[in-house]
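Undergrad: Please work out how this folds:
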Amino acid sequence: MAGQHNDARMNLAIALTAARYGAATANYMEVVSLLKKTDPQTGKERVSGARCKDVLTGEEFDVRAKCVINATGPFTDIVRKMDDKDAAAICQPSAGVHIVMPGYYSPESMGLLDPATSDGRVIFFLPWQKMTIAGTTDTPTDVTHHPIPSEEDINFILNEVRNYLSCDVEVRRGDVLAAWSGIRPLVTDPKSADTQSISRNHVVDISESGLITIAGGKWTTYRSMAEDTINAAVKTHNLKAGPSKTVGLFLQGGKDWSPTLYIRLVQDYGLESEVAQHLAATYGDKAFEVAKMASVTGKRWPIVGVRLVSEFPYIEAEVKYGIKEYACTAVDMISRRTRLAFLNVQAAEEALPRIVELMGRELSWGDSKKKEELETAKKFLYYEMGYKSRSEQLTDHSEISLLPSDIDRYKKRFHKFDADQKGFITTVDVQRVLESISVQMDENTLHEILNEVDLNKNGQVELNEFLQLMSAVQKGRVSGSRLAILMKTAEENLDRRVPIPVDRSCGGL
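TA: The predicted model follows:
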């Protein structure tokens with residue numbers, strides 16, 4: 001039996017549930033050092049707390065505790081060495097790259113996993129969040145807060161995916177909508193005779209000074225990991241605690257959830273069915289709180305629920321609600337509250353200005369702070385979510401690999417827009433052709449469409465740039481180019497005078 005989840009939402013639900021049971025939770029908090037004191041009975045030093053730093057403000061302060069638990073994933077050894085600089089490393093960080101492709105690449109309720117790929121790595125190909133997620137790689141890596149997916153790893157996954165699909169389906173590099181690298185905290189058991197062997201299970205380690213480390217494990221055993229860790233803490237530090245309550249404990253939003261809860265959201269609030277299903281699946285019975293914050297659309301239907309981008313069911317109310325759930329930055333919102341950054345980096349970038357505006361209103365950000373948040377989020381998309389790889393698929397140095405017949409065909413198409421034979425086209429040229437077939441398009445949209453292909457950024461698309469684009473499209477490096485689709489459709493319909501579809505198609509990388 002297999003299952004899947006929204007990992008960011010799961011993580012947040014655990015933290016929120018802990019807070020409701022009395023835990024003090026803090027976001028963007030870094031441990032600078034561990035505090036110690038001498039045990040009067042044994043004369044040995046014992047860990048007694050941590051020096052913490054608020055990453056957003058730079059403020060530092062001490063947190064005292066009877067017991068300190070190190071549950072820091074790939075950063076496990078960094079904290080262990082704060083306790084004992086000679087502590088042996090037990091974590092072997094491994095980078096795993098994943099890519100997201102359009103949903104049509106996989107059946108809605110069927111997944112594939114193959115442990116026998118061309119080089120022995122496991123490959124999986126699964127429907128996720130109505131898209132397709134594929135992975136993964138397994139490469140030793142340094143621990144970093146900002147892992148970056150490499151083009152080599154992206155192409156490895158694409159090449160493996162081709163082996164499982166019909167030859168009728170062209171697997172295109174341009175269909176990669178997002179790509180990211182995660183760090184797996186693989187561990188060795190420090191008490192094992194073979195210290196080099198990777199443990200398949202989690203490891204609970206207790207240092208001489210009483211620091212308790214939980215490392216390794218996986219999502220499917222997180223409650224068992226937590227129970228083992230707390231049992232060790234209670235025993236080691238003589239803490240007062242009742243029996244474990246984890247079995248049968250509902251996480252935030254789970255108590256009153258039902259498979260038909262979304263119908264009440266549609267009926268009671270006038271939300272779109274797709275949006276209601278998304279809210280119910282994401283927030284459980286807390287979806288009603290999000291619905292109450294939803295803005296009126298001004299349309300006959302849906303009555304409430306203004307989308308952040310047209311092709312995803314995320315609504316503006318989720319930004320406001322996300323702030324109530326400890327979201328502090330625009331990156332939080334596009335990656336850890338909504339999953340836009342993981343599903344489609346172009347859609348995430350499109351939604352960013354509105355997200356920053358809404359967050360700024362709620363958090364009283366000034367213009368400089370809004371600008372900073374926008375730039376930081378764009379940098380995150382560019383380096384960590386695959387946008388850089390996308391931009392490198394079409395540059396002013398891209399080769400033109402086209403047959404002479406294709407070059408002639410594309411030149412003829414280009415010259416239908418470049419009627420004056422200038423060697424380039426502008427928004428004026430495109431507008432003229434569109435008006436001739438009775439299609440209206442606002443100037444800002446036209447500027448955006450041409451800017452995607454204006455490689456030297458001189459305000460016009462030259463013939464060579466158009467040929468570079470069409471070569472990249474043919475090779476599968478670029479997909480969903482609005483200019484390519486617009487010009488092709490216009491050429492086909494100049495005589496028939498039918499409307500031209502110009503919405504972004506998939507938005508592939």
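
Undergrad: make it CA atoms for all contacts and neighbour counts henceforth
TA: Fine.

Undergrad: what's the distance between the nearest residue to Tyr382 once chain neighbours are set aside and Pro149?
TA: Excluding the flanking residues, the one nearest Tyr382 by CA to CA, 6 or more residues apart in numbering is Lys388, at 4.8 Å. Counting by CA to CA, to the nearest Å, the gap from Lys388 to Pro149 is 10 Å.

Undergrad: Between those two, which has more neighbouring residues?
TA: Taking neighbours as other CA atoms under 10 Å, Lys388 and Pro149 compare with Pro149 leading, 24 against 18.

Undergrad: any idea how far Ala294 is from that one?
TA: Pro149 sits 36 Å away from Ala294, taking CA to CA as the criterion.

Undergrad: on that earlier part again, I'd say the residue nearest to Tyr382 and Phe380 touch.
TA: No. Using CA atoms under 8 Å as the test, Lys388 is too far from Phe380 to be in contact (10.0 Å).

Undergrad: And the closest residue to Ile148 other than its chain neighbours, its phi and psi?
TA: Nearest non-adjacent residue to Ile148, counting by CA to CA, 6+ apart: Glu384, 4.8 Å away. Backbone torsions for Glu384, taken as degrees, to the nearest 10, come to phi -100, psi -20.

Undergrad: Test my guess that Glu384 contacts Ala178.
TA: No. In this structure, Glu384 is not within contact of Ala178 by CA under 8 Å, at 9.4 Å.

Undergrad: More neighbours: those two, which one.
TA: The residue with more neighbours, out of Glu384 and Ala178, is Ala178; 28 against 22, by other CA under 10 Å.

Undergrad: Can you name the element that comes right after the worst-scoring helix or strand of the chain on mean pLDDT?
TA: Taking mean pLDDT, DSSP states H and E as the measure, helix 387-391 is the helix or strand of the chain with the lowest mean score, a mean of 80. As assigned by DSSP states H and E, the chain's next helix or strand after helix 387-391 is helix 404-417.

Undergrad: Could you check that following helix and say which residues are buried?
TA: Neighbour counts over helix 404-417 (16 or more other CA atoms under 10 Å) mark 407, 410-411, 413-417 as buried.

Undergrad: Let me know the distance separating the nearest residue to Lys53 once chain neighbours are set aside from Met82.
TA: Nearest residue to Lys53, sequence neighbours excluded (CA to CA, 6+ apart): Glu60, at 4.3 Å. Separation of Glu60 from Met82 (CA to CA): 17 Å.

Undergrad: Could you do Gly360 as well?
TA: Using CA to CA, one obtains 37 Å as the distance from Gly360 to Met82.

Undergrad: Same question for Ile485.
TA: Distance of Ile485 to Met82, computed by CA to CA: 57 Å.

Undergrad: Ok, Arg354 next?
TA: With the distance defined as CA to CA, Arg354 ends up 42 Å from Met82.

Undergrad: Also Tyr283?
TA: With CA to CA as the criterion, Tyr283 and Met82 are 38 Å apart.

Undergrad: And for Ile449?
TA: For Ile449, the distance to Met82 (CA to CA) stands at 52 Å.

Undergrad: Could you check which of the two is surrounded by more residues?
TA: With neighbours defined as other CA under 10 Å, Ile449 and Met82 compare such that Ile449 has more, 19 against 15.

Undergrad: secondary structure element for the more buried one?
TA: helix 443-451.

Undergrad: Val47 bridge partners, please.
TA: As for beta bridges, Val47 partners with Lys36 under DSSP bridges.

Undergrad: That one against Val68, yeah?
TA: Yes. Val47 is within contact range of Val68, at 7.0 Å (criterion: CA under 8 Å).

Undergrad: Find residues that contact each of these two.
TA: Listed contacts common to Val47 and Val68 are 210-211; contacts here mean CA atoms under 8 Å, 6 or more residues apart in numbering.

Undergrad: quick one: the strands in the stretch 351-500 of the chain?
TA: Residue ranges of the strands in the stretch 351-500 of the chain, as given by DSSP state E, counting those that start in this stretch, are 424-425, 461-462.
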